[in-house]
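>>> pasted the sequence and its predicted model underneath.
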Amino acid sequence: MPLPVPQLRPTTRFLLRGSTLLIGILALWWVSLRGPMLDLLHGAAGVFLQIRENPSGDWIVRVPFETLLPPTAKRPVAQQIHSINFEMPRSDASRFIFSLPVFWAIILAAPCARRNLWSLLIGTAIMAALEVALLLAFVDLAAYQAISHIQGDAGFRWGRQLGLYIVPDVLPYLLPFGVALSLHRELREQVFAVDTVMGRRARIS
Amino acid sequence: MREGIPGPHPVTHLGRFRFVLIFTGCLLFAFGLLLTPPIQSLDVQFSRTLVQGSHWLILACGGHASRDAAILRAPGGFGVEMRDGCNAVNVTILLWSAVLAFPASWKMKAVGLVVGSAVIQALNIVRFISLFYVGQYSLTWFDFAHIYLWESLLVLDTMVVFWFWVSRVVRLDAAACAPA
């Protein structure tokens, strides 16, 4: 006689499926997908930036940046800057490609398998575009930070720091969840209980 | 005044827009605050406390480790430091922003903030201790577990904690709305 299968809560089911898929898909990404995905990011970002690889595999990024450095005590003549080069370790660049496997894990763990394929395809395209956008935003912010440092410009320092924290350290972790919730209606409705609390409160206000 | 509102209603764009607006505002405000010097010093102190707790837990379970401020060291020489971002403050901010943005009573929000933060911090201690042992085994897998796997798992756990809290809010709401 078969044992009765316990009925899990949606939260528990999602947690178990999500954690298992996250471990499996991220391990697969780490072992075999990281290299090809870095090459794809290199190619996509290379449309907007000049990126070279040094022998150790780290990226040398050249950011077009037109600015005139005013003369200072150390540098008596004004200097025209056309671009900024900086080195980006391969491990730092990997931060902009791991969001995609995280997104796959969330979507595959979501309820209603019928909707998953559509969300997976559309979401993959959106996540890939967002990853390139994040890399470009990070590179721009880093270049702006470097120029401000040379110029001794303390203006908007807090904003720059916030950007340099959020773009590489917060958004790559947050976006896969945000995109999954935006695309997958069943998951969104379950997490936010949209048919009850949010709708009800909106009517009250 | 919720007594007069019967059963479920379809979601409105107003409710979604309000949530996204408050959530994003809270998130930006809290991350901005986190970067200010006074909060940074509190953050460092908090990390030290978490390392102290992890150290105590390892010793209580029969393990071997020594502690130096926010660094946990293994007898073999491997050490792991809890820096800014490793103390789960960022995912706690994420949970707080979501709970504060969600339409619920202030009492339920307070419960969500306190209990949710406790769950996340407990998970983070498990994470820190597991990284301490993974690092002694392989630095490559330490990088993988530290930067990618555990961070993503913590965000997933935060989402589930929030989901669980929302389902509690809905259940209590439904009980309050039910006819006597």
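In hand now; what should we look at?
>>> in chain B, which helix is the longest?
helix B:106-137 (DSSP state H).
>>> whatever helix or strand comes next after that one and chain A, any residue contact?
For helix B:106-137, the following helix or strand on the C-terminal side (DSSP states H and E) is helix B:139-143. Yes - residues of helix B:139-143 are located near chain A by CB under 8 Å from any CB of the partner chain, namely B:Asp143. All C-beta atoms are positioned from the backbone trio N, CA, C, and that covers glycine.
>>> okay, now residue 103: neighbour count?
Let's take chain A. A:Phe103 is flanked by 27 other residues according to other CB atoms under 10 Å in any protein chain shown.
>>> to clarify, I was referring to chain B.
So B:Pro103, with other CB under 10 Å, has 20 neighbours.
>>> and the gap between it and A:Gln145?
Separation of B:Pro103 from A:Gln145 (CB to CB, to the nearest Å) stands at 39 Å.
>>> low-confidence regions, chain B specifically.
B:1-14, B:178-180 (pLDDT under 70).
>>> helices of that one, start to end?
Using DSSP H, helices in chain B cover B:13-34, B:37-60, B:89-101, B:106-137, B:139-143, B:150-177.
>>> then A:Phe96 would be within a strand, right?
No - checked against DSSP: H, G, I helix; E, B strand; the rest coil, A:Phe96 lies outside a strand; its state is coil.
>>> ok, so what distance separates the nearest residue to it once chain neighbours are set aside from B:Met82?
Closest residue to A:Phe96 apart from its sequence neighbours, by CB to CB, 6 or more residues apart in numbering or on different chains: A:Leu135 at 4.4 Å. Going from A:Leu135 to B:Met82 by CB to CB gives 28 Å.
>>> more neighbours, the two?
Neighbour tally, A:Leu135 and B:Met82, criterion other CB under 10 Å: the higher count belongs to A:Leu135, 28 against 23.
>>> which of the three states applies to the more buried one?
helix.
>>> coming back round to it: of the helices of chain B, flag the one that's most buried.
Highest mean neighbour count among these (mean count of other CB atoms under 10 Å in any protein chain shown): helix B:89-101, with a mean of 22.
>>> okay, that helix in CSV with CA atoms only?
Provided in CSV are the C-alpha atoms of helix B:89-101 (Å, rounded to 0.1, in the frame of the first residue of the first chain):
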residue,chain,number,x,y,z
VAL,B,89,22.0,43.4,6.6
ASN,B,90,21.3,43.8,2.9
VAL,B,91,18.7,41.0,2.7
THR,B,92,17.3,42.2,6.0
ILE,B,93,16.8,45.6,4.4
LEU,B,94,15.1,43.9,1.5
LEU,B,95,12.7,42.1,3.8
TRP,B,96,12.0,45.3,5.8
SER,B,97,11.3,47.3,2.6
ALA,B,98,8.9,44.6,1.4
VAL,B,99,7.1,44.3,4.7
LEU,B,100,6.8,48.1,5.1
ALA,B,101,5.5,48.5,1.6
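>>> give me the contact list for that helix.
Helix B:89-101 has contacts (CB atoms under 8 Å, 6 or more residues apart in numbering or on different chains) with A:169-170, A:174, B:18-24, B:26-27, B:30-31, B:34, B:43, B:46, B:109, B:112-113, B:116-117, B:120-121, B:124, B:154-155, B:157-158, B:161-162, B:165.
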